[in-house]
Each structure stands twice: as structure tokens, then as C-alpha cells.
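Asker: sequence and predicted model, in that order:
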Amino acid sequence: MSDSHSIAPNTASAETAGPLKTADGKPLKVALARAQARSRRRAFLLVAPLLLFVVITFVVPIFQLLAQSVNDPSFSRAAPNMVEWFAQNPDAEPDEAAYAALVADLVEMKKNRTAADAGTRINYELSGSRSLFTSAARSADRMEAPFMEAMLDKDEKWGDPMLWQVMRGASTGFTINFYLAALDMTRDAEGNIIAAPEDRQIYVKLFIRTFVLSALIMLTTFILGFPVAHLLAVLPMRTSNLLMILVLLPFWTSLLVRTTAWIALLQREGVINSLLVSVGVIGEDGRLSMIYNQAGTVIAMTHILLPFMILPLYSVMRPIPPSYVRAARSLGATSFTAFWRVYFPQTVPGIAAGGLLVFILAVGYYITPALVGGASGQLISNLIAFHMNDSYNWSLASALAALLLFAVLVLYWLYDRMIGIDRMKLG
Amino acid sequence: MAKAGNDAAFVEFERVQKSYDGETLVVKDLNLSMPKGEFLTMLGPSGSGKTTCLMMLAGFETATHGAIRLNGKSINDIPPHKRGIGMVFQNYALFPHMSVAENLAFPLEVRNIGKSDREAKVKRALDMVQMGTFGSRRPAQLSGGQQQRVALARALVFEPELVLMDEPLGALDKQLREHMQFEITRLAHDLGITTVYVTHDQTEALTMSDRVAVFNDGVIQQLAPPDALYEAPVNSFVAQFIGENNKLPGKVEEIKDGRALVRLDSGELIDATPVNVDGVGSKTLVSIRPERVEFKPDLIPEGAHTIEAQVLESIYMGDSFRTRLRVAGSDNFIMKSRNASGQTRLSAGEKITIGWSPRDARALDPL
Ligand SMILES: Nc1ncnc2c1ncn2[C@@H]1O[C@H](COP(=O)(O)OP(=O)(O)OP(=O)(O)O)[C@@H](O)[C@H]1O
Ligand SMILES: [Mg+2]
């Protein structure tokens, strides 16, 4: 009663008085903003070095990556005459003038040694084109008009409308074709977007596998991590700190060492299989293949990512006082109801944070699947690495990475919608 | 004592000891027996083991030694959710992810009480603690006092037979506190709820309880109805803890006919009732309530020893005068006289003679 009496007049006066003012008549908001500006400036100066570091090492590369994924100028730069012809003849079939431009460009390419680069760019979308360019460039300066005939004489592949379509696409530099490729799509000779041939559809399948395996890893880390985090949270501080060291121990050993240890444990002649055989659970030829496949990826990554689930869980569980569950029990709840209705809901921010963290880390994980994943346990990041290191198709790698980034941002957005980023507790 | 004659003990502590660390006893040899319907208060300084006793009774801590029985059954044989104990925790323990109304509905839901019935009970309980309009708020959006009231409503909403309250009114202002004290005692008596109530506040303990257990250092110092506790404390701790108290240190000179003659350290002789003294020659602390001290010769009983005093200050309290005296070398002797018509108002510096009925001076242990 007493508070409702004291509160009511206050709110009434605040509503009728208009904007509040300080004692010397300045609007309260202005005065407050001024008072806070100083401390905000100081806070900014404190984070400025980090901000600069992040911008240089993180934000700039990400924009470069995004730019790379829609732009590969290696053909357009090497073939200015072709670029011009494509620009002037938006829909036309290649004519004598087009071939003349082609030969002129090939001559230039030979001089500048750019035939291989330009050919590689075309090769991304039409295999076999690289050698077409290099060999044509070698003999281009000996060619004479009519160039159409000369070129087709040299190799009739030069008449392939598909090749011309690809060159037209590459002539602008900017293209979404890498994204199409990353989503298992391609263009036909008329430039329409179609599905890629069956045997070349690998990326979507790999994206799906990456997400499914990441979700599975997230689930297993949750199932294994929740009871551990709970135990750590309810034990006395001394004991739980000791156990926490065990949880963090994996961080202190090299990732490579841990992954290799899993190989020793899980391989067909490894510790676990030998143990099972000697105990008689499985026969000598029934040895389980637990590594160099998806199982290997899931097992090893669950182990590696487990701390990222346990820590956020622990950080939300520790401050939950035991009196909540006690209160629930005394109010008549069974231990399960008390857990499910009272304890569990309070751990949701930790579950969500841990889940998000593990999932995002798993989606982009590279080294572990590369070592223990075999063929079936490879994730999308392994393919990105392949395109970066082996096939040098950086644009495709960028497109794949950008798609991954996009998917993660969508997840983050979903998390914010459902749980709220402000409720996230990372430890 | 409300339902005397109900001889079967409803709540029973028998030789209970409790240690958390295996080194110190937080509760030492606790014996307590409560009939059904009794309102018992545990009163004691901070850290004296009150919460620990409640937790053991609720079954959340196990006694290191001894037995705790509820309705004749050992508390550890009844699973917590079947005990039917309503509990108000010292830190409220309101579920932070549920609204106030959901918090109150929780014990009813787990008892499978129908929705309409549930809503009616929740509303009634909220109205009882004057929180009727706060049903949709989250606990974090309430003040400490409001949370306390919700916790109280939640402990009572499912009509438990036994309610344990750990300082349920600590955060309330005086007016609301008095109102809630009244409400709690009324409910407890109307519903026949057996209540164990923990508080620091002696006034609360005295006004609400059938019996008060005064705790110190893990031991019940005295377990008695409020009037006995105030008027007949059995030791110096209780005498000092409950109400205002004058203490005069001395030595027992003679014990005769239930009377003790005490030689104060300053030399004077006074009369007292021997309560907690070992015998002639033992040290003692004589305790006298300020309102039992008289200075008008006709109010001092015939033959009682008197003692000289000097008035240091006299404070007008409205219904009474509170006079600070120098007595037997101490400057802190308080005398309280009713502001009756014709009362003499003493002034500082005056010399008077004070005395009391030997019944009101209790010779207790020297602490
Ligand atoms: N979980 C625990 N572990 C170890 N010691 C404890 C624990 N709970 C309480 N104690 C100790 O037991 C003693 C009694 O504590 P208890 O909480 O019962 O006191 P209390 O009488 O309720 O005090 P207050 O009036 O301050 O609430 C204290 O010395 C306290 O430090
Ligand atoms: Mg306590």
C-alpha cells in the first residue's frame, strides 16, 4: 500500500511537467549528454589501437574477399580488344571483327606473358581452355586474315559458342558466376543460369554436410558438456577450479598433437579397435572404421570444441543459487520438474551462446577434418583451402567463404531474434 | 502454546548437531519439539545457525548427528516435494524467468490444480500481500520489499501445513512490516499452519510468536513464550538480547529463602532472585529491566536494599521518562518511569535513592 501511494504522485507529475530540466534550466538530456561525452571520448581512446588493428587485419581483408568473389580481372585486363568488341556487340555471334580482336589480344598476351592467367580465368568455367589460350598465343603473331578461319584451323574449339559465352562473361571483370559455381550452377551458351552437370555438383552437398556435421558436433558437445558444466558449477570453488583446469587442458596442447592422438586412438589398428578385439566385442575383421570418415571428424571436433560449450554454460550456471531448485522442490516439484522448469530455463542463454560458438567454429574448421576426415569427412573449409592453395581459383574460394560468412550472419541474426544478443554470456 | 493438549509433536529436533566443514559445530545439540499449529520464532544474532536449522528441517541440509522428525517421520525419508513445507528463503528465491503470477502458480501447477482454481488462488494470495496489480511483472522489476511479499505469497499459496520463513520481513518499511506481521500471524492461526519463523528483530519475535527460541552460537539459550522470555530470562545473553536491560556485576554473598544478597563490585549490597548462579561466593551479573526500577520510597518494597544514584540526564519520551543514572560506578544505568499524572520529573545532577522488588532483579551467569 505504502509504495503505491508514494509512486503514483511522482509518475503523474512527470507526465505533466514536460521535459525535465536541471537546476540551472538546461534540458536534462543535454546536460547528461555533455557529462557523458568526456568519458565516452576516453573510452574510445582506450579501444582505438584495437580498433585500428581489427580494421587492418579483419575488416579490410573481408572486404577484399567480398570484392574478389565478384571480380576477377585477369581476362579483362589481358584482352582489351575483346572487351571492346563484347561491349559494342552485346548480343551478336562472333564475327570476323571478333576474331581479329581475339588474335590482337593473343599477340599482346604473348608479349606480356598473360595468356596463362587469362586462360586460367576461362578455364574455371570451361575446362580445357587454358591450354587453348597458351598454345594459340604462341602462334598468334604468325596468323593472317581472315582470322576466323585461321583460328578455327588452329583449333576448332575456338568456334565453341560456350567458349564465347564464357569470354563474354569474363570480359567485364565483374561477375556473379563464382557464386553460381559455388552453388552448383552454371550458364549455358545463351547465358541462362542452369544447374551444373550432375558429376560436378559438389559444393551444395558439401555445404549441407558442413552444416549437418556442425549441428551434430554442437549437439554432442552440448550433451557431453552440460552435465560437466553443472558439476563444475555446484562443486565448491576449490574443487571446481581444479576440474576446470582439466577442461582447459586441451587448450594448452597443440591442436595438431591432439588431432594426431585421435588418429592413434581411432585407426583400424589403433588403441580402441585393438582393445575391443582383445576383449572380444568385435572380431579381427570387424574392426571399426572410426577415422578418415565423418565419424572421425565428429569425434575429434567434439573433443576440440567441448571447452567452448562448457565455458559459457559454466558461466551462466555458477551464479544460479541452489535456493532456486530448493524453492522449487519445497513448492512440490519433483527433481525433474525443478530441473526442467526452474534450472534449465536459466541456463538457456549459456546453451545458446555455447551452441552458437561451437557451431560457428565447426562450420569454419579446417585442420581437423583435413587430417582425420578422409574423403567423406571433408568440410567446406577444406575445399576453400583447396581453391586457395592448389587450384588458385581465389574468386571461387572467396565466393564460398562469403557464402559461409553469410550463413553465419543469418544464424547470428536468428539467435538475436530468438534469444537476444544482450542475453548472451560467453564466460 | 496455542493448541496445547495436542501432545504429539509435529516437528521434532532430537539432539541435532550440524557441521559444514567437519571442524566447527554450527548447531550444537539442538532439542526442540513443536505441536501442530504452533508459531515458533528463532531469534538470534547473525551466524547463530538459524538458517541452518531451517534448511535441515526443510531437508536441504542433512544433520550431522541426531534426528529431525516431521509428523513422526524422519525428514530424510520424505522426498522434498512430498513434505508440504512452504518456505520463504532469506534471498527470496523467486524464479527470475517467470512472472510474479507464474511464480505463484508454480506450486499449484505441479500439484495439478485446474487453471481456474489456480488463477483464483494466485489472485487471493497476491491480494493478501497487497501485490494484486503486479502479477505480470518479473521479480527483477520489483523492489526488495515487493519481492519479499511475493515470496511470502508463494510459500502460502498452496496451503502447506508447515511454513518456514527466513527473515521474511527484513526489507520492509515499518508500517508495511507491522501490517505483514499481523497478516502472517492471522493467517497462521486461521489456517492452523505450523510456523517456524526466523528473525533478528526481537519486537517481531515477541509480538508474533507462541514461543521464541533464542539462539546463540548454535545453542538454544532459552525456549519460552515471549512474556517469560522478557520477564524471566534464564541467562545474561537472553536478558541482554531481549529488550533493554541494566546489568550490575557482583558476587553472591548469601542465599536464603529463594533470595540472594549480592555484593556489587562497587561495594553496595542489593537483593536479587538467584536464577543462574552457582552458589554463595560465585560471580554474577544482576539484571534489572529499566521499567522495574523505582525511585519513590513508597514504591520500593519494605525491607528491600536501596542504592544511591545520581541523575545524568532525563529524556522526555512522551509516554515515559527515560533517565540515565550513575549507579555503582557505571554511567549507563537506565530507569524508565511512566509519564503518569503527578510524576516527578528529575533533572540532571539530582541525587536519588533507587530500589526494586527482589523478584525483578535476577542474578544470572557472569557471561
Ligand atoms: N553452506 C555453508 N557452508 C559452510 N558454512 C556455512 C554454510 N552455511 C552457513 N555456514 C556457517 O554456519 C554458521 C551459521 O549460519 P546460518 O546461515 O545458519 O546463520 P543465521 O543464523 O541464519 O545468520 P543470519 O541471521 O545472518 O542469516 C555461520 O557461521 C556460517 O558461516
Ligand atoms: Mg540466515
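Answerer: In hand now; what should we look at? Numbers count the residues shown, from 1 in each chain, chains lettered A, B, ... in the order given. Ligands and ions are numbered 1, 2, ... in the order given.
Asker: surely residue A:367 is in contact with residue A:256?
Answerer: Yes: counting by CB atoms under 8 Å, residue A:367 does reach residue A:256; the two are 7.1 Å apart. Placement of C-beta: from N, CA and C, glycine included.
Asker: neighbour-wise, which of these two wins?
Answerer: The residue with more neighbours, out of residue A:367 and residue A:256, is residue A:367; 15 against 11, by other CB atoms under 10 Å in any protein chain shown.
Asker: ok, and the closest non-adjacent residue to that one?
Answerer: The shortest distance from residue A:367 to any non-neighbouring residue, by CB to CB, 6 or more residues apart in numbering or on different chains, is to residue A:255 (6.2 Å).
Asker: same deal with residue B:337?
Answerer: Among residues not flanking residue B:337 along the chain, residue B:321 sits closest, at 5.0 Å (CB to CB, 6+ apart).
Asker: cool, and residue B:226?
Answerer: residue B:206 is the one closest to residue B:226 (CB to CB, 6+ apart), at 4.2 Å.
Asker: can you give me the buried ones in the helix or strand hosting that neighbour?
Answerer: In this structure, residue B:206 sits in helix B:202-208 according to DSSP states H and E. Judged by neighbour count (16 or more other CB atoms under 10 Å in any protein chain shown), helix B:202-208 contains these buried residues: B:202, B:204-206, B:208.
Asker: which residues touch it?
Answerer: With contacts defined as CB atoms under 8 Å, 6 or more residues apart in numbering or on different chains, helix B:202-208 is touched by B:39, B:41, B:43, B:169, B:177, B:181, B:184-185, B:197, B:199, B:212, B:226, B:229-230, B:241-243.
Asker: moving C-terminal from the helix or strand encompassing residue A:347, which element do we reach first?
Answerer: Counting by DSSP H and E, the secondary-structure element that holds residue A:347 is helix A:344-363. Elements were assigned by DSSP H and E; along the chain past helix A:344-363, the next helix or strand is helix A:367-372.
Asker: so which elements touch the helix or strand that that next one is followed by?
Answerer: The first helix or strand that comes after helix A:367-372 along the chain, using DSSP H and E, is helix A:380-389. Judged by 3 or more CB pairs under 8 Å, 6 or more residues apart in numbering or on different chains; DSSP states H and E, helix A:380-389 is in contact with helix A:203-234, helix A:367-372, helix A:394-418.
Asker: helix A:380-389 versus helix A:344-363: what angle between them?
Answerer: Computed by axes from the mean of the first three to the mean of the last three CA atoms, to 10 degrees, the angle separating helix A:380-389 from helix A:344-363 equals 30 degrees.
Asker: who touches helix A:380-389?
Answerer: Looking at helix A:380-389 with CB under 8 Å, 6+ apart, the contacting residues turn out to be A:202-203, A:206-207, A:209-210, A:363-366, A:369-370, A:373, A:393-394, A:396-397, A:400-401, A:404.
Asker: name the residues of that helix that are buried.
Answerer: Judged by neighbour count using 16+ other CB under 10 Å, the buried positions of helix A:380-389 are A:380-384, A:386-388.
Asker: output the contacting helices and strands for the longest helix seen in chain B.
Answerer: Counting residues, the longest helix in chain B under DSSP state H turns out to be helix B:174-191. Using 3+ CB pairs under 8 Å, 6+ apart as the contact criterion, the neighbours of helix B:174-191 among helices and strands are strand B:39-43, helix B:144-156, strand B:194-199, helix B:202-208.
Asker: residue A:97 is nearest to which of these?
Answerer: With respect to residue A:97, and counting by CB to CB, the nearest of those is helix B:144-156 at 85.3 Å.
Asker: for ligand 2, what's its nearest residue on chain A.
Answerer: Distances between chain A and ligand 2 by CB to the ion are smallest at residue A:323, namely 11.6 Å.
Asker: hang on, isn't that residue packed against residue B:87?
Answerer: No: the pair residue A:323 / residue B:87 is not scored as a contact, 9.1 Å apart, by CB under 8 Å.
Asker: if we can go back for a sec, filter the contacts of helix A:380-389 to the buried ones?
Answerer: Listed as buried from those are A:203, A:206-207, A:209-210, A:363-365, A:369-370, A:373, A:393-394, A:396-397, A:400-401, A:404; burial here means 16+ other CB under 10 Å.
Asker: okay, now the residue of chain A closest to ligand 2: neighbour count?
Answerer: Counted with other CB under 10 Å, residues neighbouring residue A:323 total 19.
Asker: what about it, distance to residue B:358?
Answerer: As judged by CB to CB, to the nearest Å, residue A:323 and residue B:358 stand 50 Å apart.
Asker: for residue B:163, grab phi and psi.
Answerer: Dihedral angles phi and psi of residue B:163 (degrees, to the nearest 10) take the values phi -120, psi 130.
Asker: okay, and the beta partners of it?
Answerer: According to DSSP bridges, the residues that bridge with residue B:163 are residue B:86, residue B:195.
Asker: contacting residues around it?
Answerer: Applying CB under 8 Å, 6+ apart, one finds that residue B:163 lies in contact with B:85-88, B:155-156, B:188, B:193-196.
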